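Enquirer: Next comes the sequence, and after it the predicted model I'd like to discuss.
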Protein chains: 4
Amino acid sequence: MSPTEDSTHVQRGYSERKDDYRKRLRRIEGQVKGIARMVEEDAYCIDILTQVSAANKALQAVALGLLDEHMAHCVLDAARSGGPDGEAKLREASDAIARLVRS
Amino acid sequence: MSPTEDSTHVQRGYSERKDDYRKRLRRIEGQVKGIARMVEEDAYCIDILTQVSAANKALQAVALGLLDEHMAHCVLDAARSGGPDGEAKLREASDAIARLVRS
Amino acid sequence: MSPTEDSTHVQRGYSERKDDYRKRLRRIEGQVKGIARMVEEDAYCIDILTQVSAANKALQAVALGLLDEHMAHCVLDAARSGGPDGEAKLREASDAIARLVRS
Amino acid sequence: MSPTEDSTHVQRGYSERKDDYRKRLRRIEGQVKGIARMVEEDAYCIDILTQVSAANKALQAVALGLLDEHMAHCVLDAARSGGPDGEAKLREASDAIARLVRS
């Protein structure tokens, strides 16, 4: 599946667990809002940093989950169908992994 | 300054740049909301991962900024006033750094 | 290819670039030796930290390279041959990625 | 203490625990040598990645330890003696922390 096609009728690797991701992202949004509020109220620096680390970890867990499902669906499918598409998908996944490791 | 005291009348190391942090955190909140929307709309996995990496980097930059100002104010002040408070503040900052490095 | 089989007659995903990895790892070994020498000679802390960050980045780059080649060979092969082996290989790769992201 | 002065007669923040750091760095050197040997012997990719993650974590722990002691000695001393040196030392420490967080 190409990233450029119309995504509204597409099944993604993560589609089955969409609700779960939605909830987790909503919670992270709340965490970031909470961090902004702490800054607003002059909260103690170290307490803010603790919250930032927690939000980072939660985002990272979302990313690792999405990546897993992407590899288990998109990448495997492309690999099975053979041809250069499998390699392109792999390259793309590798680049995303490198960005995650470095972020 | 102890983390337990009433924080509403307290100047923090980051207080002068509060507006800046507020804006950056608002932008990160928007990024997270955008990621949730991408999941909602079955966006392509790799594109979502790119946004997660960007949000992570932005949160990390906020954390490093807060930490800098915390060390330049709280920690230095505590150190200058001498005594065990300076060491306690340092220990606390070290722990926060370790959490950041590992998150 | 199972991790338990005799590895001496096995082709790995990275086998073609073995020389390259050997050289890079030798260089990292030298970096770590250099860090030990700096400690020995009471070098300035911050200079040591700079070297540690460099060694970490170099190790990370080796890991990302090995992972790429692993996915491009082992994982794709297992996927193409079908069956549960492909999924097992993917799970294993995902776990390794998570460890890298968190280390 | 300036990083440019002759370091052979200088006490560093980590000097008291030098033996400990020496041992840990020797162990990490051994880990890297082991990784090179694994590549040499065509070991299974994932097993190599596990060792790389372990070496990375060990290096990171050394860095965090050195940083702690640096802040508890150099930075506090400079802060106590007042003046621009304290701020310069802090800036330097902040930069090292940012490099660690990003490496």
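Expert: Alright, I've got the coordinates. Note that this is a predicted model, so its numbers are computed, not measured.

Enquirer: what about the helix or strand where residue A:19 lies, near chain C?
Expert: Residue A:19 is part of helix A:18-40, with elements assigned from DSSP states H and E. No - Helix A:18-40 is not in contact with chain C by CB under 8 Å from any CB of the partner chain; minimum separation 15.9 Å. Just so you know, the C-beta spots here come from the backbone N, C-alpha and C atoms, and that holds for glycine as well.

Enquirer: Give me the residues contacting that helix.
Expert: Counting contacts by CB atoms under 8 Å, 6 or more residues apart in numbering or on different chains, the residues outside helix A:18-40 that touch it are A:14, A:47-48, A:51-52, A:54-55, A:58-59, A:61-62, A:65-66, B:14, B:18, B:21-22, B:25-26, B:28-29, B:32-33, B:35-36, B:39-40, B:42, B:59, B:62.

Enquirer: Show the buried residues in the residues you listed.
Expert: The neighbour count (16 or more other CB atoms under 10 Å in any protein chain shown) marks A:14, A:48, A:51-52, A:54-55, A:58-59, A:62, A:65-66, B:14, B:21, B:25, B:28-29, B:32, B:35-36, B:39, B:42, B:59, B:62 as buried among the contacts of helix A:18-40.

Enquirer: then stretch A:79-89 to PDB, C-alphas only?
Expert: Taking C-alpha atoms only, stretch A:79-89 is exported to PDB below (Å, rounded to 0.1, in the frame of the first residue of the first chain):
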ATOM      1  CA  ALA A  79       7.900  -9.200   1.100                       C
ATOM      2  CA  ARG A  80       5.600 -12.000   0.300                       C
ATOM      3  CA  SER A  81       4.400 -10.500  -2.900                       C
ATOM      4  CA  GLY A  82       8.100 -10.200  -3.900                       C
ATOM      5  CA  GLY A  83       9.800  -7.600  -6.000                       C
ATOM      6  CA  PRO A  84      11.300  -4.300  -5.300                       C
ATOM      7  CA  ASP A  85       8.400  -3.100  -3.200                       C
ATOM      8  CA  GLY A  86       9.400  -5.300  -0.300                       C
ATOM      9  CA  GLU A  87      12.800  -3.800  -0.300                       C
ATOM     10  CA  ALA A  88      11.400  -0.300  -0.500                       C
ATOM     11  CA  LYS A  89       9.200  -1.000   2.400                       C
END
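
Enquirer: after the lengthiest helix in chain A comes which helix or strand?
Expert: Ranked by number of residues, the top helix in chain A under DSSP state H is helix A:45-70. Remark: after helix A:45-70, the chain's next helix or strand is helix A:76-81, criterion DSSP H and E.

Enquirer: Okay, now the unreliable bits of chain A?
Expert: Within chain A, the segments meeting pLDDT under 70 span A:1-9.

Enquirer: so which residue of it comes closest to chain D?
Expert: Nearest residue of chain A to chain D, counting by CB to the nearest CB: residue A:102, 7.3 Å away.

Enquirer: what residue is smack in the middle of chain A?
Expert: Central residue check for chain A by CA atoms, centre = their mean: the C-alpha nearest the mean position is that of residue A:63, 2.8 Å away.

Enquirer: Now do the contacts for that residue.
Expert: Taking CB under 8 Å, 6+ apart as the test, what residue A:63 contacts is A:100, B:49, B:52-53, B:56, C:101.

Enquirer: From residue D:53, how far off is the nearest residue to it once chain neighbours are set aside?
Expert: In this structure, residue A:63 finds its nearest non-sequential neighbour in residue B:52, 4.3 Å apart by CB to CB, 6 or more residues apart in numbering or on different chains. Taking CB to CB, to the nearest Å as the measure, residue B:52 falls 21 Å from residue D:53.

Enquirer: cool, residue A:81 as well?
Expert: 32 Å.

Enquirer: what's the answer for residue A:49, then?
Expert: From residue A:49 to residue D:53 the distance is 25 Å (CB to CB).

Enquirer: Which of the two has more residues huddled nearby?
Expert: residue A:49 (25 against 20; other CB atoms under 10 Å in any protein chain shown).

Enquirer: pretty sure the more buried one is in contact with residue B:94, am I right?
Expert: No - with contacts defined as CB atoms under 8 Å, residue A:49 does not count as touching residue B:94, sitting 11.7 Å away.

Enquirer: is it true that residue A:69 touches residue A:75?
Expert: No - counting by CB under 8 Å, residue A:69 does not reach residue A:75; the two are 10.1 Å apart.

Enquirer: Could I get the contacts of residue A:63 in CSV, plus columns for distance to residue B:86?
Expert: As requested, the contacts of residue A:63 are arranged in CSV below (distance: CB to CB, whole Å):
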residue, distance to residue B:86
A:100, 37
B:49, 42
B:52, 38
B:53, 37
B:56, 32
C:101, 35
